[in-house]
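Colleague: model this:
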Amino acid sequence: MQTTTRPNVHVRRLPWLAAPAVLVLFVLIVGPALAAAKTVNGEGLLWKVAREGVEPSYLFGTIHITDDRVLDLPEPVRAAFAEADSAVFEVIMSEELKMQMGRSMVLTDGRTLDSMVGPELYARAVEAGERYGFAPTLLRFFKPWALALIFSVPESEMARKATGDLPLDQWLQEKAAETGKSVHALETGEEQISLFNDLPEADQVKMLEVAIEQNQGIEKLFDEMVHLYLDRDVAAITAKMDEQAELDREFAELFLLRFNDERNRTMVKRMAERLREGGAFI
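Modeller: This is a model prediction of the structure:
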């Protein structure tokens, strides 16, 4: 009887790959969207939420990357953050959650990636993995969705995370803790992990195909996205999503429903309590 020897995958060495860190870029790669001309309020990232009798709150659109230009927040954003009594994030990141997310990326059911995706796609995954420093013997034990997330982030961004640079959301989370703000989450780590782990296997393989296809140009796409974000041009980001949509529309629409629309509805419900309290930076 043939057995498969599994290497010890040190999840602490994996760059932090929480779902928020890569979802925006992956949606931008695979997701169709409404035409930019139809994007309501297509400029600006900071919104004031106010009503009589409570302190105003602020909703700020973040991009989950480590780029210094992104961390250099405009003065209105810094002022809104400084004034807030509480800070609310998609998820509260901790060392325990990083380990949990890392473990969730690895196959544990006796199968290997090559047996799941077939020799042709596996060979392409190995080629892409070499650019990130993954040996084939290690690559075989990643789930398809996990590699799709890795290949959806440029090598330069992965390298910065590996050396300890913090993405914007986690940087803000640490600043909130340092200044004594109460910190809240709109999702749990388990919910974010299940977004991927509960995907049908065929959809995971499709994600991997698309991520590998786009990986050669990922640095350029990433840089374009950062510039659009710094310009506060949400409508142009929406247009870029259409431009990059190379999957079939049915799959892409299902992807956006699961990762964007349904989560937005849940987040709105959960942020309502913070808005009623007032003084929140979300």
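
Colleague: residue 57 is in contact with residue 280, isn't it?
Modeller: Yes. Using CB atoms under 8 Å, residue 57 makes contact with residue 280 at a distance of 4.1 Å. Backbone N, C-alpha and C define where each C-beta goes, glycine included.

Colleague: which neighbours do the two share?
Modeller: 84, 274 (CB atoms under 8 Å, 6 or more residues apart in numbering).

Colleague: shaky segments in this protein?
Modeller: 1-38, 242-251 (pLDDT under 70).

Colleague: show me where it has strands.
Modeller: Under the criterion DSSP state E, the chain contains strands at 46-49, 57-60, 86-89, 182-185, 280-281.

Colleague: backbone dihedrals for residue 186, please?
Modeller: phi -100, psi -20 (degrees, to the nearest 10).

Colleague: the closest residue to it other than its chain neighbours: neighbour count?
Modeller: Excluding its sequence neighbours, the residue lying closest to residue 186 (CB to CB, 6 or more residues apart in numbering) is residue 267, at 4.4 Å. Residues lying near residue 267 (other CB atoms under 10 Å) number 16.

Colleague: now do residue 257
Modeller: 12.

Colleague: ok, it to residue 208 distance?
Modeller: Distance check for residue 257 against residue 208: by CB to CB, to the nearest Å, it reads 20 Å.

Colleague: please apply the same query to residue 274.
Modeller: Following CB to CB, the distance that separates residue 274 from residue 208 is 37 Å.

Colleague: which one of the two is surrounded by more residues?
Modeller: Shown here are residue 274 and residue 208; by other CB under 10 Å, residue 208 has more neighbours (29 against 22).

Colleague: surely the more buried one meets residue 125?
Modeller: Yes. Between residue 208 and residue 125 there is a contact under CB under 8 Å: 6.7 Å.

Colleague: identify the contacts common to those two.
Modeller: Common neighbours of residue 208 and residue 125 (CB under 8 Å, 6+ apart) are 117, 147.

Colleague: give the contact list for residue 181.
Modeller: Counting by CB under 8 Å, 6+ apart, residue 181 touches 84, 85, 86, 87, 281.

Colleague: likewise for residue 166?
Modeller: By CB under 8 Å, 6+ apart, residue 166 lies in contact with 66, 174.

Colleague: kindly recompute the last result at 10 Å.
Modeller: 16, 65, 66, 71, 93, 160, 172, 173, 174, 175 (CB atoms under 10 Å, 6 or more residues apart in numbering).
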